[in-house]
Structures are given as C-alpha cells and as structure tokens.
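K.L.:
one predicted model, sequence on top.
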Amino acid sequence: MFKMLNLLIKRSLIRSYSISKRYLSSETTDIFKLQERGFFCDNLAEVDDNLRKLVKSKKQTIYCGFDPTARSLHVGNLVGLIGLLHWQRAGHQPIALLGSATVLIGDPSGRLNERKQHLSNEDIVSNTENIERLIQLIFANHEKYFWKDQQKKLRPLTVVNNLSFYENINTITFVSTYGPHFRMNPLLSRKVIKTRLETSHDGLGYNEFSYQLYQAYDWYCLFKQYNCRFQLGGVDQIGNMRTGHDFISRMTNFEEDSYGVTVPLITNENGEKLGKSMGNAVWIDENLSSPYECYQYFRNTPDTKVEEYLKMFTFLPLNEIQQLMEIHRSKPHEYAAQIKLSKQITLLVHGDKGLESAIRSTQAMFAQNIDLLHNLTEREIDGLSTSVPTIQMDLNPELTLLDVCMSAKCFSNQSVALKVINDGGVYVNHKKLSNPQAVLVFGVHILPNMITVIRIGKKNFYMIRWTNADMSLRSKV
C-alpha cells in the first residue's frame with residue numbers, strides 16, 4: 001500500500017520545504033502570554049518558570065498535524081494554524097505535518113464511532129496537495145498582511161509529509177523495533193480509548209487504537225530530524241500527545257524532554273464543534289466556501305462568542321479587542337466587533353482580493369443598490385449561490401413576479417404569495433414590487449449579469465440565475 005501511494009505522490013508530497021525566503025531571527029518572546037487569549041491552557045507539562053525560560057532562551061521547533069480526510073481544511077482547523085503562526089511570530093520554527101500515512105488509519109479522537117470514510121490513493125494525493133497549498137497560502141497571507149510592518153523576520157514554515165517516515169519500514173520491523181517502548185496500561189488509559197471501549201456499540205478497531213502509536217512515531221521522527229520538542233493540537237489530542245511524550249522519553253533513555261501544548265476546540269453558541277463531522281463546516285478553500293460565505297459566517301457571530309473569536313482567530317492586541325468590545329456593547333446594532341472579526345479572518349484566509357470580493361457581495365445584497373448587484377462577477381455570483389437559495393430558470397418574455405416567486409419557492413402556496421406581494425412585502429433587486437402580475441423586464445428586474453435577487457420581508461433572500469442568453473428574447477422581455 002505504502003509503495004503504491006509513494007509512487008503516486010513522490011512528485012510533490014514527500015518533501016519538506018519553506019514557503020518564505022526571509023531570514024531567521026534569534027529573538028524569542030514568552031509564547032505562553034497567549035494563555036490570556038485562551039491558547040495553551042491545557043498542556044502536558046505545567047507552564048512554570050522553567051518552561052517559560054526554555055521557550056524564551058532559544059528558538060524551539062513546534063509542529064501541528066493535519067490528516068487529509070477532506071479536500072480542504074475548515075475554519076475549525078484554522079485555530080491550529082493560528083497557533084503555529086503565534087509561535088512563528090514569537091521567533092520559533094513552525095512545522096505543518098501532513099498525514100498522508102496516518103489518514104489511512106483514522107484518528108478516534110473526538111469521535112463516538114469509527115470513521116466510515118474510505119479514501120482512495122488518488123483522493124489522498126489530491127487532498128494532501130490541496131491542503132498543502134492552503135496552508136502555504138495562509139502563512140503567506142499572514143506575512144503579507146499582518147506582519148508587513150514588523151522589523152523582526154519570520155522563520156519560514158516547513159511542510160513535511162509523514163509518509164516519508166514509513167516508506168522504508170514494514171509492519172514487522174515497526175512492531176519489533178518500537179513496540180516494546182509502548183506500554184499497554186497507559187495506552188488503554190487514554191480517555192478517548194476508554195470512552196470508545198465503554199460506550200460504543202461497535203467498540204474500537206485495532207486501526208484506531210494504534211493511531212496514537214503512529215502519531216507518537218511521527219513526533220519522534222520530527223524530534224530526530226528537526227529537534228522538534230513541541231507538538232501543538234486540539235485539547236482532544238492530549239492523550240495522543242502523552243503517548244508521544246512517553247515514547248520519546250523511552251527512545252532517548254529518559255534524557256530528552258518533549259512538550260505538548262493545546263488550543264481549544266472552537267464551538268458555536270450551541271456548544272457544537274466547528275467541523276465537517278458536525279455538518280457545519282466553512283471550508284478554507286474558496287472553491288468549496290466562497291470568501292463571501294466565510295465573511296458572512298463570522299459576520300453573524302453571536303454577541304456571546306464574538307470576544308472569544310476575536311482572541312482566538314485574530315492577531316489584534318488584547319487592549320484593542322477590549323476597546324472594540326466596549327464600542328460594540330454601547331452600539332450593538334452596528335456590529336463593530338463582528339465586522340472587524342469577519343474582515344480579519346477573511347483577509348487571512350482569502351487575501352485582500354477575497355476580502356474585497358466578500359465586502360462587494362455583502363454590499364450588493366444588503367446596501368439596496370442595484371448598481372452593486374449588476375456589477376457582481378460570475379465568481380461572486382457563484383459564491384452567493386452557496387448561501388442564498390438559488391434556482392436556474394429559462395428567460396421567458398411572459399414570466400410574472402408571481403410565477404418567479406412560486407418557482408423559487410419563496411412561499412408555501414399561492415394564496416400566501418399574493419397576500420405578501422399585494423401588501424408590499426416583496427422586493428426585486430432592492431425595489432418594492434407589489435403587483436403579482438407584473439412582467440419582469442430585462443435591465444430592471446433581470447440584470448445584465450443574468451440574475452434577479454428577490455427579498456421577502458427584511459432578511460429572506462432568493463436568487464434566480466437566468467440561463468437563456470438569446471439576445472432577441474432579452475429585448476422582448
């Protein structure tokens with residue numbers, strides 16, 4: 001399996017390299033001050049004076065792993081990347097580890113049941129390449145937009161694929177060489193293992209049980225090759241980190257130290273984790289979730305979560321966040337905190353062009369200006385379609401407002417539609433239209449970019465994309 005997968009991905013994936021040409025700085029700062037923002041609060045070792053002295057006295061190397069279970073990372077993964085960026089900003093060396101090998105096994109952390117997903121080799125190659133591209137992009141955006149005025153130069157990101165650790169080792173060799181250094185009692189005591197064994201109807205397969213061994217071996221390989229003493233992960237990874245820490249200790253005759261630090265799992269107002277397994281993922285890849293969708297997701301952050309998100313997802317100083325929250329509390333209807341949050345995240349993920357597009361799309365939908373609507377590009381319209389109920393219709397010279405509303409399923413039945421339209425509750429391209437039999441006119445109701453936006457009341461939007469491009473038909477309409 002590994003030989004075949006290795007052949008598939010050798011062209012680009014089994015390598016480590018830098019995405020930045022900037023030179024390194026010898027200065028470091030106290031990374032654990034970020035506990036004030038909610039980072040690094042649940043760790044393998046107590047954050048004491050000795051640990052602070054270690055990270056302040058010299059450069060450290062830290063890694064965070066990402067298994068390519070999907071084509072893209074999502075905003076829940078963004079906290080891990082931001083954690084790496086904070087270590088980079090503090091003068092340390094970040095490593096992003098891509099799990100093309102471990103994805104074949106499956107991490108049980110945070111899961112009540114075994115993954116049913118079965119990825120082909122081609123899927124793993126494609127997913128890994130794309131995730132690698134996205135990680136590079138985020139680090140490049142950070143340096144370009146959030147670090148451009150700083151004097152200290154950043155240590156460049158290193159990207160490693162863990163498949164390279166296993167290409168020359170078979171199962172028998174792995175178990176006979178490293179198996180004696182894993183003790184069963186600690187392995188069975190990990191919370192995720194105990195939970196699955198005690199509560200899951202299907203129990204736990206050996207593949208998922210062994211995942212912590214391979215994650216431990218990954219860390220050991222990074223320790224040997226890069227002197228990587230720190231691992232960063234979500235709080236649900238603390239058990240796997242403990243296994244890795246113990247393994248490195250045994251492999252080095254208890255002469256070397258290693259440290260696991262965590263970032264919190266980000267949840268919504270209902271306490272649900274942000275991620276694809278919960279069905280609420282907003283993807284980092286703009287081809288899966290548009291810049292507009294990213295912007296609107298964080299623009300709609302509840303007041304109860306916005307301060308937490310500002311601390312976790314942005315690099316704004318804490319005093320600036322506090323001032324912003326005071327403004328927000330005095331004028332909550334202006335959503336100053338949410339707007340700042342959405343701009344900061346969209347800029348980090350999608351760059352300035354993506355942010356401009358997201359703002360342009362937002363204004364087109366909510367600023368009640370028809371010019372903004374008909375200036376939307378095809379790509380921006382595609383982005384809106386992921387968030388706004390959208391249908392395609394053939395351009396017809398006899399279509400009425402009522403016809404379009406019913407086709408777009410704006411109303412449950414025609415009686416309700418007639419009442420709302422007659423009462424002035426329907427807007428076409430931001431203009432009130434109260435005649436249900438009004439025929440739609442090209443250039444007014446059907447815009448040159450072949451869309452019509454219908455608003456019911458204040459907030460319910462629908463979009464029609466017209467598919468018949470016959471110019472003579474347009475002129476008749």
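P.N.:
Looks like it arrived, so ask away.
K.L.:
quick one: residue 461 is in a strand?
P.N.:
Yes - under DSSP: H, G, I helix; E, B strand; the rest coil, residue 461 sits within a strand.
K.L.:
now for it, how many residues are close by?
P.N.:
Per other C-beta atoms under 10 Å, the neighbour tally for residue 461 reads 18. (Each C-beta comes from the backbone N, C-alpha and C, glycine too.)
K.L.:
nearest spatial neighbour of it, skipping sequence neighbours?
P.N.:
Leaving aside its sequence neighbours, residue 461 sits nearest to residue 388 (C-beta to C-beta, 6 or more residues apart in numbering; 4.9 Å).
K.L.:
equivalent analysis for residue 235, please.
P.N.:
If the residues on either side of it in the chain are set aside, residue 235 comes closest to residue 262, at 4.6 Å by C-beta to C-beta, 6+ apart.
K.L.:
pretty sure the one you found is in a strand, no?
P.N.:
Yes - using three-state DSSP, the assignment for residue 262 is a strand.
K.L.:
surely it and residue 239 touch.
P.N.:
No - with contact defined as C-beta atoms under 8 Å, residue 262 does not reach residue 239; the gap is 11.2 Å.
K.L.:
ok now do residue 368, which residues does it touch?
P.N.:
Applying C-beta atoms under 8 Å, 6 or more residues apart in numbering to residue 368 gives the contacts residue 430.
K.L.:
and it, what's its pLDDT?
P.N.:
We have a pLDDT of 82 for residue 368.
K.L.:
could you look up the SS state of it?
P.N.:
On the three-state scheme (three-state DSSP), residue 368 is labelled coil.
K.L.:
got it, and residue 52?
P.N.:
With three-state DSSP as the criterion, residue 52 reads helix.
K.L.:
where's it relative to residue 46, distance?
P.N.:
11 Å (C-beta to C-beta, to the nearest Å).
K.L.:
repeat that for residue 282.
P.N.:
As judged by C-beta to C-beta, residue 282 and residue 46 stand 35 Å apart.
K.L.:
those two: which has the busier surroundings?
P.N.:
residue 282 (23 against 7).
K.L.:
and residue 197, what element?
P.N.:
According to DSSP states H and E, residue 197 maps onto helix 191-199.
K.L.:
can you tell me what sits against the helix or strand that comes right after that helix?
P.N.:
Sequence-wise, the next helix or strand downstream of helix 191-199 (DSSP H and E) is helix 206-209. For helix 206-209, the surrounding residues in contact (C-beta under 8 Å, 6+ apart) are 105-108, 114, 187, 193, 196.
K.L.:
taking those residues together, which two end up most distant?
P.N.:
Within those, 114 and 187 form the most distant pair, 17.7 Å apart (C-beta to C-beta).
K.L.:
let me see the ranges of the strands in this structure.
P.N.:
For the chain, the strands defined by DSSP state E cover 17-18, 61-66, 93-98, 158-161, 228-234, 259-263, 390-393, 426-428, 431-432, 451-456, 460-466.
K.L.:
mind listing what the fifth one pairs with, with the direction of each?
P.N.:
Paired with strand 228-234 in the same sheet, following DSSP bridges, are strand 61-66 (parallel), strand 259-263 (parallel).
K.L.:
pLDDT weak spots in the stretch 201-350 of the chain?
P.N.:
Residue ranges of the stretch 201-350 of the chain with pLDDT under 70: 274-280.
K.L.:
show me where the stretch 51-200 of the chain has its helices.
P.N.:
Using DSSP state H, counting those that start in this stretch, the helices of the stretch 51-200 of the chain run over 78-89, 121-141, 171-178, 184-189, 191-199.
K.L.:
just name the most buried of those.
P.N.:
Highest mean neighbour count among the helices of the stretch 51-200 of the chain (mean count of other C-beta atoms under 10 Å): helix 78-89, with a mean of 22.
K.L.:
and that helix, how far out from the chain middle?
P.N.:
13 Å (C-alpha atoms, centre = their mean, to the nearest Å).
K.L.:
do stretch 251-259 as well
P.N.:
Distance, stretch centre to chain centre, for stretch 251-259: 33 Å (C-alpha atoms, centre = their mean).
K.L.:
same check on stretch 283-303?
P.N.:
With C-alpha atoms, centre = their mean, you get 10 Å for stretch 283-303.
K.L.:
and that stretch, end to end?
P.N.:
Its start and end residues considered, stretch 283-303 measures 23 Å (C-alpha to C-alpha, to the nearest Å).
K.L.:
ok, stretch 84-103 next?
P.N.:
Counting by C-alpha to C-alpha, you get 21 Å between the two ends of stretch 84-103.
K.L.:
how far off centre is that stretch?
P.N.:
15 Å.
K.L.:
please apply the same query to stretch 407-418.
P.N.:
37 Å.
K.L.:
pull out the buried positions in stretch 284-297.
P.N.:
Buried residues in stretch 284-297, defined by neighbour count with 16 or more other C-beta atoms under 10 Å: 284-286, 288-297.
K.L.:
distance to residue 404 for the residues you listed - can I get that in a markdown table?
P.N.:
Shown next, in a markdown table, are the buried residues of stretch 284-297 (distance: C-beta to C-beta, whole Å):
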| residue | distance to residue 404 |
| --- | --- |
| 284 | 35 |
| 285 | 33 |
| 286 | 30 |
| 288 | 29 |
| 289 | 28 |
| 290 | 24 |
| 291 | 28 |
| 292 | 23 |
| 293 | 25 |
| 294 | 30 |
| 295 | 28 |
| 296 | 24 |
| 297 | 28 |
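K.L.:
quick check: the two most widely separated of the residues you listed?
P.N.:
Greatest spacing in the buried residues of stretch 284-297, by C-beta to C-beta: 285 and 296 (16.6 Å).
K.L.:
relative to residue 136, how far out is residue 244?
P.N.:
Per C-beta to C-beta, residue 244 is found 26 Å from residue 136.
K.L.:
my error: substitute residue 130 in the last question.
P.N.:
From residue 130 to residue 136 the distance is 11 Å (C-beta to C-beta).
K.L.:
so what pLDDT did residue 378 get?
P.N.:
93.
K.L.:
likewise residue 168?
P.N.:
Looking at residue 168, its pLDDT is 88.
K.L.:
number of nearby residues for it?
P.N.:
9.
K.L.:
distance check, it against residue 97.
P.N.:
Look at residue 168 and residue 97: by C-beta to C-beta, they are 18 Å apart.
K.L.:
thinking again about what came up before, between the buried residues of stretch 284-297, which is nearest residue 151?
P.N.:
Ranked by distance to residue 151 (C-beta to C-beta), the buried residues of stretch 284-297 are led by residue 284 at 29.5 Å.
K.L.:
test my guess that that closest one contacts residue 80.
P.N.:
No - look at residue 284 against residue 80 with C-beta under 8 Å: they stay out of range, at 11.7 Å.
K.L.:
need the contacts of helix 206-209 in CSV (columns: pLDDT and distance to residue 370).
P.N.:
Putting the contacts of helix 206-209 into CSV (pLDDT from 0 to 100; distance: C-beta to C-beta, whole Å) gives the following:
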residue, pLDDT, distance to residue 370
105, 90, 54
106, 82, 51
107, 77, 50
108, 73, 53
114, 65, 52
187, 81, 64
193, 80, 59
196, 76, 56
